[in-house]
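Engineer: Have a look; sequence and predicted model below, questions after that.
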Amino acid sequence: MPIHQTMRLPIAAAVLTIAATFAFAQDDDTYELSTEEQQEIQYYQAILESLSPQTGDIRLSGNLATLHVPDNFYFLDSDDAEKVLVDIWGNPPGQDVLGMLFPQEYSPLDYESWAVTVDYVADGWVADEDAGDIDYDELLEDMQDEIRDANPDRIAAGYGGIELLGWAEAPHYDSSSKKLYWAKELRFDGNEDTTLNYEIRALGRRGILTMTFIANGSQLDEINSRRESVLAMAEFNEGNRYLDFDPSVDEVAAYGLGALVAGKIAAKTGVLTAALILLKKFGVFLLVGLAAFGRRIKGMFTTDKLEPK
């Protein structure tokens, strides 16, 4: 029996064709799509058709950990995740995550969609004895200062600045499951909507499994309602669990839980990038200047049901 099942995302191709061919009425006016806008729709359609969603038990990095993906979610592997993060959501290339989780009812193009990136940082066993000693309010102020200091480099690279507005959910550590979670509310230059980065860190024998929710700032309640089910999906396999740590052979990480929250170590491409650079552009058709049109067709790409190939 296969470990996972590959699924397909129905994309309502007929509706896309109509959208690209016919005009839509907006109040008393009629808006007809330009050639450029039709090409934009076809571009995103092609990306969706190239994705291979999966459900079931999915092994990460060989035998490191397993994701138990139920039918009401689907998983995209590393290559597909790069397409979503970069080509659809406008992040810099080279995100290099292990994959992404989506609720089954959303496609990456839906205005209301949210997702969870999954990755692993092999920095060693993280001691958790400082869990009760961290001043998270002070830590937040330090993070806000560092983000402001990093903004000139982001702007110079063409990605705009970021403002860390505050905790959407204050950090919490579950000592029994060895999982730490918190949420930041961010605003990216040029976006009216705030972005929610809801972080989960699962501690293992030799490193940390990182899970980052990327959502609209107004979706905190929805994220909280699904948080426990997402937490339950990921587990380190036997031999890689936190309690499997052997001090005689295993390395200890050079940081504690506070550094995990600060985001200074979970970045493969530099300080403060992994957690904070993940942006979702809500309503991709806003990119072609079609605010009214984008809202009119925001549901056209929604997946009614994931069906086996």
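Structural biologist: Perfect, thanks for sending it.
Engineer: Alpha carbons of stretch 143-152, as CSV, please.
Structural biologist: Coordinates of each C-alpha in stretch 143-152 appear next as CSV, following Å, rounded to 0.1, in the frame of the first residue of the first chain:
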residue,chain,number,x,y,z
MET,A,143,12.6,41.9,16.7
GLN,A,144,10.8,45.0,15.6
ASP,A,145,14.0,47.0,15.7
GLU,A,146,15.9,44.4,13.7
ILE,A,147,13.2,44.2,11.0
ARG,A,148,13.3,48.0,10.6
ASP,A,149,17.1,47.8,10.3
ALA,A,150,16.8,45.0,7.7
ASN,A,151,14.2,46.9,5.5
PRO,A,152,16.7,48.9,3.4
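Engineer: Please identify the buried residues of that stretch?
Structural biologist: For stretch 143-152, burial by neighbour count (16 or more other CB atoms under 10 Å) applies to Met143, Glu146, Ile147, Ala150, Asn151. To be clear about C-beta, it is placed using only N, CA and C from the backbone, and glycine gets the same treatment.
Engineer: swap in stretch 245-255?
Structural biologist: For stretch 245-255, burial by neighbour count (16+ other CB under 10 Å) applies to Phe245, Ala253, Tyr255.
Engineer: all helices for this protein, in order.
Structural biologist: Taking DSSP state H as the criterion, the chain carries its helices at 13-21, 35-50, 78-82, 136-156, 220-233, 257-262, 291-296.
Engineer: Per-residue pLDDT of Phe293, please?
Structural biologist: Listed pLDDT for Phe293 reads 32.
Engineer: what pairs with Gly204 across the strands?
Structural biologist: Counting by DSSP bridges, Gly204 forms beta bridges with Arg241.
Engineer: cool, Glu199 as well?
Structural biologist: According to DSSP bridges, the residues that bridge with Glu199 are Trp182, Thr212.
Engineer: so what's Trp167 up against?
Structural biologist: Neighbouring residues of Trp167 by CB atoms under 8 Å, 6 or more residues apart in numbering: Tyr136, Leu140, Trp182, Ala183, Lys184, Glu185.
Engineer: so what pLDDT did the first one get?
Structural biologist: At Tyr136 the predicted local distance difference test score is 91.
Engineer: contacting residues around it?
Structural biologist: Contact analysis of Tyr136 by CB under 8 Å, 6+ apart lists Trp167, Ala170, Pro171, Trp182, Val261.
Engineer: do that again at 7 Å, thanks
Structural biologist: Under the criterion of CB atoms under 7 Å, 6 or more residues apart in numbering, the neighbours of Tyr136 are Ala170, Pro171.
Engineer: now it: how far from Arg227?
Structural biologist: 18 Å (CB to CB, to the nearest Å).
Engineer: do the fifth one as well
Structural biologist: With distances taken as CB to CB, Lys184 is found 15 Å from Arg227.
Engineer: between these two, who's got more neighbours?
Structural biologist: Using other CB atoms under 10 Å, the more surrounded residue of Lys184 and Arg227 is Lys184, with 27 against 17.
Engineer: Thought Thr194 was touching that one, still the case?
Structural biologist: No: Lys184 is beyond contact range of Thr194, at 9.9 Å (criterion: CB atoms under 7 Å).
Engineer: what's the closest non-adjacent residue to Leu60?
Structural biologist: What sits nearest to Leu60 in space, not counting adjacent residues and going by CB to CB, 6 or more residues apart in numbering, is Leu98, at 5.4 Å.
Engineer: List the residues that contact the one you found.
Structural biologist: Contacts for Leu98 (CB under 7 Å, 6+ apart) come out as Leu60, Ser61, Ser78, Val118, Asp119, Tyr120.
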